[in-house]
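Chemist: everything below, folded, please.
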Amino acid sequence: MIKSVFAATAALSVSAGAAFAGPYVNVETNAGWTGSEYNGAGTDLHVGYEGSFSDTGSYYVQGGATVLTPDGGDADTVPSGKAGLGLSLTEALGAYGEVSFVGSGDEDLDRGYGAKLGVKYSF
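Modeler: This next block holds a predicted model:
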């Protein structure tokens with residue numbers, strides 16, 4: 001019922017020569033539907049750290065809890081986290097990747113994992 005919540009992750013932004021580093025707090029809600037039927041939502045309550053590793057690369061890692069609120073079910077709080085990399089390939093082309101996990105509040109269900117790879121071309 002809430003598998004779509006397990007798979008939902010935020011996109012990693014890529015920017016050339018970004019000069020940032022340090023801790024942050026990230027609160028994000030991902031909701032899921034199958035057709036017009038609402039399945040539920042997961043709200044991440046994370047603390048993270050981001051930085052750059054060259055003039056063209058960036059990273060982040062964050063973790064904490066996710067509050068799962070399935071439609072018509074009881075809310076549950078489970079552990080979760082994300083980590084990602086970004087790389088500027090040219091002035092207009094960037095690549096990014098992210099891995100994530102979210103725990104399960106049901107002992108019969110496995111922990112959910114996600115992965116994302118992409119490229120972004122800016123005009």
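Chemist: show me what the longest strand along the chain is packed up against.
Modeler: When the chain is scanned for its longest strand (criterion: DSSP state E), the result is strand 37-52. For strand 37-52, the packing partners by 3 or more CB pairs under 8 Å, 6 or more residues apart in numbering; DSSP states H and E come out as helix 3-7, strand 22-34, strand 57-70, strand 76-88. Just so you know, the C-beta spots here come from the backbone N, C-alpha and C atoms, and that holds for glycine as well.
Chemist: looking at these, which is closest to Asp110?
Modeler: Asp110 lies closest to helix 3-7 among the helices and strands packed on strand 37-52, at 9.5 Å (CB to CB).
Chemist: tell me which of the helices and strands packed on strand 37-52 sits nearest to Ser104.
Modeler: Proximity to Ser104 (CB to CB) singles out strand 76-88 among the helices and strands packed on strand 37-52, at 6.3 Å.
Chemist: what's the least confident stretch among the helices and strands packed on strand 37-52?
Modeler: Comparing mean pLDDT across those, the weakest is helix 3-7, with a mean of 39.
Chemist: now stretch 112-123: how far from the chain's centre is it?
Modeler: Put simply, stretch 112-123 sits 11 Å off its chain's centre (CA atoms, centre = their mean, to the nearest Å).
Chemist: that one - what's its average pLDDT?
Modeler: Confidence for stretch 112-123, expressed as mean pLDDT, is 96.
Chemist: buried set for it?
Modeler: Residues Gly112, Lys116, Lys120 are the ones in stretch 112-123 that count as buried (16 or more other CB atoms under 10 Å).
Chemist: is the closest residue in space to the second one that isn't next to it in sequence in a helix, a strand, or coil?
Modeler: In space, Lys116 comes closest to Glu98 once its chain neighbours are excluded; the distance is 4.4 Å by CB to CB, 6 or more residues apart in numbering. Glu98 carries the three-state label strand when classified by DSSP: H, G, I helix; E, B strand; the rest coil.
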